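>>> With the input below, show me the fold.
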Amino acid sequence: MSTSRITESAGGASGAQGAGEHMSTRGAVTAWGTSGGSPPGATGGTGSGPLDGPSDGASALGRPGPTAGAGLWDSHGDALPADRDDEPAKPRKAPAPRRGPADPVKALMHRHRDLCERAVDPLEIAAGLEAHGLTDRTAARFRHRDVFSLAEELYARVPRGAEPERADDRPARAARARAGRRPLGAGRALLTLLPGAVCALTVAATRAMDGGARIAVTAAGVIGVTVALALCLRRGPLRAEGRTVPAVRLWTLWLLAYAAYGEGLLDEIVAGGPHGPPPLSTAPLVGLALAVAPAAGCARLFSVQARRRLDGSRGLEEFASGTRPLLLGVVALYVGALGVLLVLAGLVFPPQALLPAVPLGTLLFLARLLIVHGYPASAAAGLAVACGAEALAPALLLAGRLPGCDVLTRPAEAAVGAWGSGALPAIACSAAALGLLAHATAALSRASAHTV
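Coordinates of the predicted model:
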């Protein structure tokens, strides 16, 4: 039994030695294959034979030292899998795309899609962009030199066949937009003369009548002038459908009534009255009614010339710099025509103070011009200021009659005594007209004012 145990022990030791030799050889080959070195036992290697261990102090199990592929063995002596060049590379995650529109014009087109689809031409788009605060400098961010070239691209890129109902409305809207730029035919020219003719006939008839007949003729004449004026304001260059406010009519009636009775009322109050109905000033009314014809002609001239400048301009600043002198010239032309008509009316009818009618007519013309081009609120504000200033003078004169309030009458009495009763309405209308002229110079020089 002792002999067999000794034999088994020798066999086990021999097997262990063989296993150790096998592991040492496998480790050396693996380390050589992965690290590019020479295997132990090879010619020129570090050992003298296949069973020699590494010379740098490796363990008896054949694990390679640091120079023979460190890091490729685990704690049990097994080789770790090595990277191979023929293995497919893992796909890398693509970088996140940069946010932001690649086409800035497309983003602008979606932002103003309704404007672009409803536009009858590129100029209307340019005017709408300007109304939204887009300038030539802003257009450079969209790779365009000005707003007009940007509007042309937007007009060309927007599909208009998707909404046929809007496409059907486009010819009608274009016709309405061109209504104020059509040449004045014979019928429309005569229509603008109708208010002045009816007013002159009414004044002449009332001078030849008395009593109840005079009152009836006056009422009929007022109705006739109102109807004729309404026809002029609904057709032609003075037409402003849907762009007016009710307050404008109220302020206009006040100003016309004051032009007819204001001077006589002030004279009566200063003299201690009023002692009866104030006298009627007919010449200013006739001159203002006759001035409807030159007002329509000047409004059409301004609209046509401004549209031509808009068609030929390549920038908003260029258009504005050419429109401002045009507006000033048109206003000066109307003031000259109004002055001539007032002088003619003063020669035919009883002479009265015609000076206050000049700023009044200018104020009414500027107000109508602003309404036609889309600024009714500004026109109403200017007319309201004039009405308030005119009502202030008689109110102060009447308030000065109260005990201890005589100081209120001194400015008005001094002005009436120095310049006459017509000076106060002239000052009021002149101040309001200058304010509207300053506003119109800035507002009507914009492209958006000529596409409404």
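>>> residues contacting the closest residue to Gly346 other than its chain neighbours?
Closest residue in space to Gly346, ignoring its immediate chain neighbours: Ala283 at 4.9 Å, by Cβ to Cβ, 6 or more residues apart in numbering. For the C-beta atoms, the positions are set from N, CA and C on the backbone; glycine is no exception. Each residue near Ala283 by Cβ atoms under 8 Å, 6 or more residues apart in numbering is listed here: 342, 345-346, 348-352, 354.
>>> Farthest-apart pair in those, please.
Spatial extent of these (Cβ to Cβ) is set by the pair Leu342 and Pro350 at 13.4 Å.
>>> okay, these two: which has more neighbours?
More crowded of Leu342 and Pro350, by other Cβ atoms under 10 Å: Leu342, with 22 against 12.
>>> Correct me if wrong: the more buried one contacts Ala357.
Yes: with contact defined as Cβ atoms under 8 Å, Leu342 reaches Ala357; the gap is 5.6 Å.
>>> which neighbours do these two share?
284, 287.
>>> can I assume His144 sits in a helix?
No: looking at His144 with DSSP: H, G, I helix; E, B strand; the rest coil, it is coil, so not inside a helix.
>>> any idea whether the residue lying closest to it once chain neighbours are set aside is helix, strand or coil?
Distances taken as Cβ to Cβ, 6+ apart put Leu150 closest to His144, at 4.1 Å, once the chain neighbours are dropped. With three-state DSSP as the basis, Leu150 sits in helix.
>>> what comes up buried for stretch 415-435?
Along stretch 415-435, these residues count as buried under the neighbour rule (16 or more other Cβ atoms under 10 Å): 415-416, 420-433, 435.
>>> can you check stretch 377-387 too?
Burial within stretch 377-387, assessed by neighbour count using 16+ other Cβ under 10 Å, is assigned to 378-387.
>>> Please list the members of the buried residues of stretch 415-435 that lie in helices.
Counting by DSSP state H, the buried residues of stretch 415-435 place 415-416, 423-433, 435 in helices.
>>> mind listing what's buried in stretch 263-283?
Neighbour count says stretch 263-283 has 263-270, 278, 281-283 buried, by 16+ other Cβ under 10 Å.
>>> Mind putting these into JSON lines with distance to Asp146 and secondary structure?
Output for the buried residues of stretch 263-283, formatted as JSON lines (distance: Cβ to Cβ, whole Å; DSSP: H, G, I helix; E, B strand; the rest coil):
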{"residue": "Glu263", "distance to Asp146": "52", "secondary structure": "helix"}
{"residue": "Gly264", "distance to Asp146": "56", "secondary structure": "helix"}
{"residue": "Leu265", "distance to Asp146": "55", "secondary structure": "helix"}
{"residue": "Leu266", "distance to Asp146": "54", "secondary structure": "helix"}
{"residue": "Asp267", "distance to Asp146": "58", "secondary structure": "helix"}
{"residue": "Glu268", "distance to Asp146": "60", "secondary structure": "helix"}
{"residue": "Ile269", "distance to Asp146": "58", "secondary structure": "helix"}
{"residue": "Val270", "distance to Asp146": "59", "secondary structure": "helix"}
{"residue": "Pro278", "distance to Asp146": "57", "secondary structure": "coil"}
{"residue": "Ser281", "distance to Asp146": "52", "secondary structure": "coil"}
{"residue": "Thr282", "distance to Asp146": "53", "secondary structure": "helix"}
{"residue": "Ala283", "distance to Asp146": "51", "secondary structure": "helix"}
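>>> Including distance to Thr244 and pLDDT, could those residues go into TSV?
Putting the buried residues of stretch 263-283 into TSV (distance: Cβ to Cβ, whole Å; pLDDT from 0 to 100) gives the following:
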residue	distance to Thr244	pLDDT
Glu263	29	84
Gly264	31	83
Leu265	29	85
Leu266	31	85
Asp267	35	82
Glu268	34	84
Ile269	34	84
Val270	37	82
Pro278	30	80
Ser281	27	85
Thr282	28	86
Ala283	29	87
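>>> And those residues, which is closest to Tyr155?
So of the buried residues of stretch 263-283, ranked by how close each gets to Tyr155 (Cβ to Cβ), first place is Ala283, at 52.3 Å.
>>> Pull up the gap between that closest one and Arg113, please.
As for Ala283, its distance to Arg113 is 56 Å (criterion: Cβ to Cβ, to the nearest Å).
>>> need the contact list for the closest residue to Ser421 other than its chain neighbours.
Distances taken as Cβ to Cβ, 6+ apart place Leu266 nearest to Ser421, at 4.0 Å, with adjacent residues excluded. Contact analysis of Leu266 by Cβ under 8 Å, 6+ apart lists 393-394, 397, 416, 421, 424.
>>> Looks like Leu193 contacts Ala293 (just checking).
Yes: judged on Cβ under 8 Å, Leu193 makes contact with Ala293 at a distance of 5.2 Å.
>>> quick one, which of these two is more surrounded?
Between Leu193 and Ala293, counting by other Cβ under 10 Å, Ala293 is the more crowded of the two (22 against 16).
>>> I'd guessed the more buried one sits against Gly196; true?
Yes: the criterion here is Cβ under 8 Å, and Ala293 meets it with Gly196 at 6.8 Å.
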